[in-house]
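Undergrad: Pasting the sequence and the predicted coordinates here, then a few questions.
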Amino acid sequence: MINRPVLVLNQNFEPLSVCGVKRAVVLMYLGKAEIIERVDGYILRSERQEIPVPSIVRLDYYVKVPGKRIMLTRKNILKRDGGRCQYCGGKEGMMTVDHIVPKIYGGKDTWENLVCSCADCNNKKGHQLPEQAGLRLIRKPRKPNNITFIQQFIGIKDHRWKRYLFME
């Protein structure tokens with residue numbers, strides 16, 4: 001129960017991050033956060049106090065967040081694309097990361113130029129542009145924002161989060 005994820009909202013209810021119950025309880029104890037939603041039926045008890053297990057907490061002060069950077073990693077590219085090849089749509093077999101515009105043509109390591117690809121499509125494409133290899137992207141790759149990162153990468157761990165992650 002102590003490792004359960006808790007959604008942390010800024011004072012203006014903007015999603016900031018996800019932490020564990022232990023960290024959320026410490027924030028509440030220090031008077032830095034309040035419970036917005038709680039997990040039904042679970043209470044943390046001490047000698048002097050009972051605290052409901054939080055599902056969502058809101059900070060009591062506004063935290064100015066300079067554009068959150070989501071690390072460009074192989075793992076995050078595969079998560080962004082749902083482990084699905086962006087050329088054929090398959091999910092079977094080993095997935096790789098492919099440069100849409102190959103490096104030999106000046107392609108960069110960016111969110112917009114990297115996609116998840118199955119080994120077959122990656123081999124078929126080789127060092128060509130997708131059009132040259134007779135391939136088409138299923139969807140144009142984009143850099144995820146912080147809310148998208150929580151929605152898709154971390155996942156919705158509790159149905160109560162959906163309202164705060166703009167999913168209702």
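TA: Okay, I see it.

Undergrad: buried stuff in whichever strand in the chain runs longest?
TA: The single longest strand within the chain, with elements called by DSSP state E, is strand 33-45. Using 16 or more other C-beta atoms under 10 Å as the test for burial, strand 33-45 gives 33, 35, 36, 37, 38, 39. To be clear about C-beta, it is placed using only N, CA and C from the backbone, and glycine gets the same treatment.

Undergrad: I'd say the second one and residue 28 touch.
TA: It stands for residue 35. Yes - Residue 35 lies in contact with residue 28 (C-beta atoms under 8 Å); the separation is 6.6 Å.

Undergrad: what touches both of these two?
TA: 54, 57 (C-beta atoms under 8 Å, 6 or more residues apart in numbering).

Undergrad: Check the offset of the least confident helix or strand in the chain by mean pLDDT from the chain's centre.
TA: The weakest-scoring helix or strand in the chain, judged by mean pLDDT, DSSP states H and E, is helix 146-148 (a mean of 72). Centroid separation for helix 146-148 versus its chain: 6 Å, with C-alpha atoms, centre = their mean, to the nearest Å.

Undergrad: Right, I'll leave it there.
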